[in-house]
Structure formats: C-alpha cells, structure tokens
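**Q** Could you look at this predicted model? Sequence included:
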Amino acid sequence: MAMPAGETDPISALKTAERFTIGRVGFAASESSAELALRALLAKPEPAKTLEGLVESATIAGRLYALLGLKRANSPAFETSLPCFLIDDTPVETMEGCVARQTTAGEIARDIQAGKFR
C-alpha cells in the first residue's frame, strides 16, 4: 500500500493523526492519510508490536487507528487494550462522507469492537 505524496512514514502519520476517519471522505471522496498509513503498517510483517506502541504514544485518533489495527491483525493485544478505550470520554473528531462530527473515543472503540470498520 503506497503512502500519499509527501508522507513516507506510516508510524509518524498515525502518531499525529488529528481525526479518525475510515472510508472515503471529504469533497474528493478519498481515504485519509492516517487510514492509508494504517494499511501500510498492516502490510508489514508482524505489525502488532508497532501498533501496541502507538496505542500508548499517539494522539487519541492515532491510538484508535492502532486499536483498529490490532483488531485487524487478530492480535491478543486488542483485548487487553480495549477496556481502557471503552470508558474513555475524550472527544474525537470524525468524518463520514462530507460530514464532520465529534464523538468520544469510547464510542469509536465500541464500533471497532463490534466490527463496524472493515
């Protein structure tokens, strides 16, 4: 999975993600650089260790991408990381289509747990 022009390090992109968006968003209906970074990271061998580090060190949006990555990688670390997210009321900006909205980390974590994001 290629990173967008100007972005070469998926870890940095996830560590500094400002919003959590999955799927095509915005006027151009494109995937976010953070989502592309997550895909690039998941394509590498054994991404779980890197994702576990991001769960601890990234922005809240980046931490949620890392949690999603752990689920997609079928890592046992997903189940151990999930409880802290489920009770997290930190506001998170998201976008669906062309509509931006604010929700909580806990709500997104519940959506990840339920398999809403493929």
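**A** That came in fine, so what should we check first?

**Q** name the element residue 83 belongs to?
**A** helix 76-86 (DSSP states H and E).

**Q** from the chain's centre, how far out does whatever helix or strand comes next after that helix sit?
**A** Next helix or strand after helix 76-86 toward the C-terminus (DSSP H and E): strand 91-96. Put simply, strand 91-96 sits 11 Å off its chain's centre (Cα atoms, centre = their mean, to the nearest Å).

**Q** Same question for stretch 96-104.
**A** 15 Å.

**Q** Check which residues of it are buried.
**A** Buried positions in stretch 96-104, judged by neighbour count with 16 or more other Cβ atoms under 10 Å: residue 104. Glycine gets a C-beta too; all of them are placed from N, C-alpha and C.

**Q** next one: stretch 69-86
**A** For stretch 69-86, by 16+ other Cβ under 10 Å, it's 69, 70, 71, 72, 73, 75, 77, 78, 81, 82, 85.

**Q** Any chance of the residues you listed in CSV with pLDDT and distance to residue 18 as columns?
**A** Putting the buried residues of stretch 69-86 into CSV (pLDDT from 0 to 100; distance: Cβ to Cβ, whole Å) gives the following:
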residue, pLDDT, distance to residue 18
69, 97, 17
70, 98, 21
71, 97, 22
72, 96, 21
73, 96, 23
75, 96, 25
77, 96, 24
78, 97, 23
81, 97, 21
82, 98, 23
85, 97, 18
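
**Q** Check these against residue 93 and report the nearest one.
**A** When these are ranked by distance to residue 93 (Cβ to Cβ), residue 85 comes first, at 16.3 Å.

**Q** No more questions from me, cheers.
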